[in-house]
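*Asks:* with the input below, show me the fold.
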Amino acid sequence: MANPDPIRLFKKWFAAALRAELKEANAMTLATATRDGKPSARMVLLKGFDERGFVFYTNVDSNKGHELAAAPKAALTFYWKTLQRQVRARGTVEPVSKEEADAYFATRSRMAQIGAWASKQSSALESRMAFEKAIALNTAKFAIGTVPRPPFWSGYRVMPTEIEFWQERPFRLHDRIAFTRTDLGAPWTKTRLYP
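*Replies:* Okay, the predicted model is just below:
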């Protein structure tokens, strides 16, 4: 954990996780909160990262979309059991550009694209049959040509001001390194923490 840049260190750890994990090394817990502080956490998939932050995609009319609109801050946790490693990040959130969202949407499978149109994510669903009907209707609607990105589907970037790396050690004498910065343009400060 000698690297002074947490994004470069994350890149190294993420590459190791991709090699070691059997499935979905990019799974992460996303924690958000309502305007009045009611917390919410769920698993989402990391779809990109760079020095600006960590990107995931969703329906912006979902609970998480509403929470991020009201309180644009979030926390992430990655846990790679086989490597005995964890990474936590916390920061502000911004929507990705339309161009980024369009480019990522175009890489999804056709059925995942149609599913994005059919799902009213987080809304009450009267029956599984109603969802399957919506999928069939959208499959017919987009039978020819490319499936455009729905206007209610996009991505978010978590721009961290805190990133912590945790490495398991025997006898619970774990290594913890925290990187913090006062704002997005500031340099990172590295601190070792007690386990």
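
*Asks:* would you map the strands across this protein?
*Replies:* 27-33, 39-45, 48-50, 53-59, 73-80, 85-95, 153-167, 175-180, 189-193 (DSSP state E).

*Asks:* looking at those, which is nearest to residue 111?
*Replies:* strand 153-167 (14.5 Å; C-beta to C-beta). For the C-beta atoms, the positions are set from N, CA and C on the backbone; glycine is no exception.

*Asks:* against residue 29, how distant is the residue positioned nearest the centre of the chain?
*Replies:* Geometric centre of the chain, nearest residue: residue 56, 3.8 Å, by C-alpha atoms, centre = their mean. Look at residue 56 and residue 29: by C-beta to C-beta, to the nearest Å, they are 11 Å apart.

*Asks:* identify the residues contacting the closest residue to residue 72 other than its chain neighbours.
*Replies:* Among residues not flanking residue 72 along the chain, residue 93 sits closest, at 4.5 Å (C-beta to C-beta, 6 or more residues apart in numbering). Shown in contact with residue 93 (C-beta atoms under 8 Å, 6 or more residues apart in numbering): 68, 72-74, 156-159.

*Asks:* rebuild these as TSV, extending it with distance to residue 126 and pLDDT.
*Replies:* Compiled in TSV, these are given as follows (distance: C-beta to C-beta, whole Å; pLDDT from 0 to 100):
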residue	distance to residue 126	pLDDT
68	27	97
72	32	97
73	34	97
74	31	98
156	29	98
157	34	98
158	34	98
159	38	98
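
*Asks:* tell me the one among those residues nearest to residue 187.
*Replies:* Among the contacts of residue 93, and counting by C-beta to C-beta, the member closest to residue 187 is residue 159, at 15.1 Å.

*Asks:* so who does that closest one touch?
*Replies:* Listed by C-beta under 8 Å, 6+ apart, the contact set of residue 159 reads 52-53, 91-94, 184.

*Asks:* pretty sure residue 34 is touching residue 69, no?
*Replies:* No - counting by C-beta atoms under 8 Å, residue 34 does not reach residue 69; the two are 10.6 Å apart.

*Asks:* give me the number of residues near residue 31?
*Replies:* 18 (other C-beta atoms under 10 Å).

*Asks:* so residue 73 bridges to which residues?
*Replies:* Counting by DSSP bridges, residue 73 forms beta bridges with residue 92.

*Asks:* and the gap between residue 107 and residue 45?
*Replies:* Look at residue 107 and residue 45: by C-beta to C-beta, they are 13 Å apart.

*Asks:* swap in residue 147?
*Replies:* From residue 147 to residue 45 the distance is 19 Å (C-beta to C-beta).

*Asks:* okay, those two: which has more neighbours?
*Replies:* residue 147 (20 against 14).

*Asks:* related to what we said a few turns ago, just give me the closest of the contacts of residue 93 to residue 18.
*Replies:* For the contacts of residue 93, the nearest to residue 18 is residue 158 (19.6 Å; C-beta to C-beta).
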